[in-house]
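In: Any chance you can model this:
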Amino acid sequence: MSETDEKPIVKHGQRMCPFGRVASAHVLLGPTPPCRRDTNHLWIASAAYAMNSTLVTTDKDFDHLQPKYISIDWIDPEQFRES
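Out: This is a model prediction of the structure:
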């Protein structure tokens, strides 16, 4: 493998930290065209994954991570808008 070839992130048998696991899944499983993949979204999803917690959100950026990595409780922001 030359230096310009991509190298695997994790070798067989190694454990990946929660951020790396969720970030990789976010990139690989995410929608096409990709949703907003900012670092804050990845940290939020990683924290939910690491703590085995439900992520409460008003956007759909995390849907592709459910149910394998995190569970999501989506809140429709329209219900809070004044008419």
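In: how much space between residue 61 and residue 82?
Out: Remark: distance between residue 61 and residue 82 (Cβ to Cβ, to the nearest Å) = 25 Å. To be clear about C-beta, it is placed using only N, CA and C from the backbone, and glycine gets the same treatment.
In: Settle it for me: which of the two has more neighbours?
Out: residue 61 (19 against 3; other Cβ atoms under 10 Å).
In: three-state assignment of that one?
Out: coil (DSSP: H, G, I helix; E, B strand; the rest coil).
In: name the element residue 56 belongs to?
Out: Following DSSP states H and E, one finds residue 56 within strand 54-57.
In: quick one: strands adjacent to that strand?
Out: The strands beside strand 54-57 in its sheet (DSSP bridges) come out as strand 71-74 (parallel).
In: Only C-alpha atoms, please: export the partner strand in CSV.
Out: C-alpha atoms of strand 71-74 as CSV (Å, rounded to 0.1, in the frame of the first residue of the first chain):
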residue,chain,number,x,y,z
SER,A,71,-32.5,5.7,19.9
ILE,A,72,-34.1,9.0,18.9
ASP,A,73,-37.1,10.9,20.3
TRP,A,74,-38.0,13.4,17.6
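In: Only the buried residues of stretch 46-58, if you could.
Out: 46, 48-49, 55, 57 (16 or more other Cβ atoms under 10 Å).
In: who's in contact with it?
Out: Here stretch 46-58 makes contact (Cβ atoms under 8 Å, 6 or more residues apart in numbering) with 18-19, 21-23, 44-45, 62, 65, 69-77.
In: Is residue 25 in contact with residue 66, as I believe?
Out: No. Using Cβ atoms under 8 Å, residue 25 is not in contact with residue 66; the gap is 10.7 Å.
In: Downstream of the lowest-mean-pLDDT helix or strand in the chain, the next helix or strand is which one?
Out: Least confident helix or strand, the chain: helix 18-29 with a mean of 73, by mean pLDDT, DSSP states H and E. Proceeding N to C from helix 18-29, the next assigned helix or strand is helix 39-50, under DSSP H and E.
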